[in-house]
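Chemist: I'd like to go over a predicted model; first the sequence, then the structure.
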Amino acid sequence: MEVITTHRNTDFDALASVFSAKLLYPRAMPVLPQNINPNVRAFLAIHKDLFPFNTPKDIDVGDISRLIVVDTNKWARLDGMESLKENTELGVHLWDHHQERGDIKADWSCCDPMGATTTLLVRRIEEEKTAISPIQASLFLAGIYEDTGNLTFPSTTAQDAKAAAFLLEQKADLSMINNFLRPVYGPKQKDLLFEMLKNTKRTKVKGYSISVIKQKVDGHTPGLALVVDMYQDIVNVDAAFGIFKVAKKDRTMVIGRSGTSDLNIGSIMRSMGGGGHPNAGSAMLKAVNPDAVEKWIVELIKGNQQTSVQISDLMSFPVFTISPDTSMKDVAHLLRQRGCSGFPVAEGDRIVGVISRRDFKKVNSEQLNAPVKTFMCTAIIKIDPGSSVAQAARLMIKHDIGRLPVVKDDKLIGIITRTDTMRYYYDLLPE
C-alpha cells in the first residue's frame, strides 16, 4: 500500500500538496491528520466527494510499503506514522519546500526552496502534462497563495508565480479561493484581541521591537492566527507572539507573526517543535509554564539573527566628520567638493548632530559665517552595527533621511547611506 500524508495542523499548502501528489502517484491513498486547520476543514466539508481521504485510524500502518510525505521533513509532525520511523524496508518519497534539515530519510526527494510545496508538485504536473480540473486548480492555487501571502511574502519565487499562472490557465476560481482563505473573525476572536490589547507589552530584542502576549483560552478557539495577525498590525511591532494556554488540556499554543524577513518565525517555531515560514509559524507545547515559553522565545530571537549582512558589513568608515564650530560656508564648500548630501557633526568620536543640504534652506547669505552647530539637527537617528539592512531602510523611510550614523558604545564608528541599502537590496554588493 502507498500512502500520501502531511503534517498536523494541516493548512492549504499541505492539503493541496497531498492532492496534487495524488495526481503523480495515482495508486497512493491520501491520509490526512486528525488535526487540520478550520478553513481547510470547511473546504473539505463541502468538497469531500471530490477530495476523498482517510485518517491514520482508517488504515493499517503496517501495510504501508511506500510513504509519500509532503510539506514537512520531520517524523514528529506526522500523525499516526511513528512506527514507520524504524521500518528499514519502507520506501519514502519526500516533497518539501522547507530548507531546515529534518529527520525523515528519503529514498527520493524534491526539496527545492519555493514559497510553497504545492509549487514543486504543480511544476511536475505541468511538465508531465497531467490533466487537472478547475476545482483541483483552485485548491492548488489556494495552497500557493496561502503560503506566499498571495505571492507577496519574501520567500516567494518566480516558480511560485509561474505555477500560479499555470493554474489560472486551468480555470482556478479566485472567488472560491478568497472565500476559504479569508479567516473567520467573530465575537470570540474580537474579545480575545481586546484582552490582548489591554495587556500590550513591547520590548527590544536584538534591535527588533517585539511583543509577547500570554493569554488563557477556553477549549478550542479557532482563528488564533488571525488574532495574532491583527494584534501585530495594531501594536506596530516587528514581531508578535501569542502564548495561548488551554488550561483543561494542559496545552499551550504558540503563534508568531513577523513583519520583517530578517526575523525568521518559522525557524524559531521549529526550535520549539513546531513549524512555519519566515513570516509566520506555530508550535503546540504540553505541560509548560507560559512565563518560561516567553523567556524561551526571547532567547531564540537573540540567537536568530537571520541576515548574513549586517550594518557593519555595509557601512563606510572611517567617517568624515566636521566640528560644531565649522562655518556653514565651509560646510557648503565641503559638500560640493566631496559630492555628499550631508555630514555627521562630531566632538572627538562622539556624534552631536547631522547637517545636510536641506538645512541650507534655512540659511541666508548673511548667516554663512555662522557655525554649523546653529543649524545642525541634534535629534540624531542612529543605528547599531549589529542591526539588519532592513532595519536601516525602515528608519530612513520613517524619518525621510538619507544616512544613518552607526554608533557603538556612544562612539561613531561608521555611516550607512540610502545608496548602501539599495545596493544590498538589488544585489549590487561588491564581491
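Modeler: Great, that's in hand.
Chemist: Straight-line length of stretch 203-214, end to end?
Modeler: Start and end residues of stretch 203-214 are separated by 14 Å (CA to CA, to the nearest Å).
Chemist: wait, I meant stretch 56-66
Modeler: Its first and final residues considered, stretch 56-66 spans 15 Å by CA to CA.
Chemist: Do me a favour and average the pLDDT over it.
Modeler: Across stretch 56-66, the average pLDDT comes to 92.
Chemist: what's in contact with that stretch?
Modeler: Residues outside stretch 56-66 that contact it (CB atoms under 8 Å, 6 or more residues apart in numbering): 1-3, 5, 28-29, 31, 33-34, 79-81, 83-84, 89-93. C-beta: built from backbone N, CA, C; applies to glycine.
Chemist: Which residue ranges make up the domains of the chain?
Modeler: Following automatic domain parsing, the chain resolves into domains at 2-181, 187-302, 311-425.
Chemist: Output the ones you listed as a markdown table; include the columns mean neighbour count.
Modeler: Putting the domains of the chain into a markdown table (neighbours: other CB atoms under 10 Å) gives the following:
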| stretch | mean neighbour count |
| --- | --- |
| domain 2-181 | 19 |
| domain 187-302 | 18 |
| domain 311-425 | 16 |
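Chemist: list the contacts for residue 351?
Modeler: By CB under 8 Å, 6+ apart, the residues touching residue 351 are 321, 344-345, 380, 382, 405, 407, 412.
Chemist: Please disregard the earlier target; I meant residue 151.
Modeler: 115, 144-145, 160-161, 164.
Chemist: Swap in 7 Å and give it another go.
Modeler: Residue 151 is in contact with 160-161, 164, counting by CB atoms under 7 Å, 6 or more residues apart in numbering.
Chemist: Turn the residues you listed into CSV, columns for secondary structure, distance to residue 222 and pLDDT.
Modeler: As requested, those are exported to CSV (DSSP: H, G, I helix; E, B strand; the rest coil; distance: CB to CB, whole Å; pLDDT from 0 to 100):
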residue, secondary structure, distance to residue 222, pLDDT
160, helix, 27, 97
161, helix, 31, 97
164, helix, 27, 97
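Chemist: Of those residues, which is the nearest to residue 358?
Modeler: The nearest member of the contacts of residue 151 to residue 358, counting by CB to CB, is residue 161 at 39.8 Å.
Chemist: So what does the nearest residue to that closest one once chain neighbours are set aside look like in phi/psi?
Modeler: Distances taken as CB to CB, 6 or more residues apart in numbering put residue 151 closest to residue 161, at 5.8 Å, once the chain neighbours are dropped. Dihedral pair for residue 151: phi 70, psi 30, per degrees, to the nearest 10.
Chemist: Would you list the strands that the top strand by length along the chain pairs with, along with their directions?
Modeler: Taking DSSP state E as the criterion, the chain has its longest strand at strand 208-217. Applying DSSP bridges, strand 208-217 is found paired with strand 203-205 (antiparallel), strand 239-246 (parallel).
Chemist: right, and those - which one's nearest residue 416?
Modeler: When those are compared by CB to CB, strand 203-205 sits nearest residue 416, at 19.5 Å.
Chemist: Name the single longest helix found in the chain.
Modeler: The single longest helix within the chain, with elements called by DSSP state H, is helix 134-148.
Chemist: what's next to that helix, contact-wise?
Modeler: Residues outside helix 134-148 that contact it (CB under 7 Å, 6+ apart): 11-13, 15-17, 19-20, 47, 50, 115-116, 118-119, 122, 155-156, 160, 163-164, 167, 170-173, 176-177, 180-181, 277.
Chemist: let's see 6 Å
Modeler: By CB atoms under 6 Å, 6 or more residues apart in numbering, the surrounding residues in contact with helix 134-148 are 12-13, 16, 20, 50, 115-116, 118-119, 122, 156, 160, 163-164, 167, 170-173, 176-177, 181.
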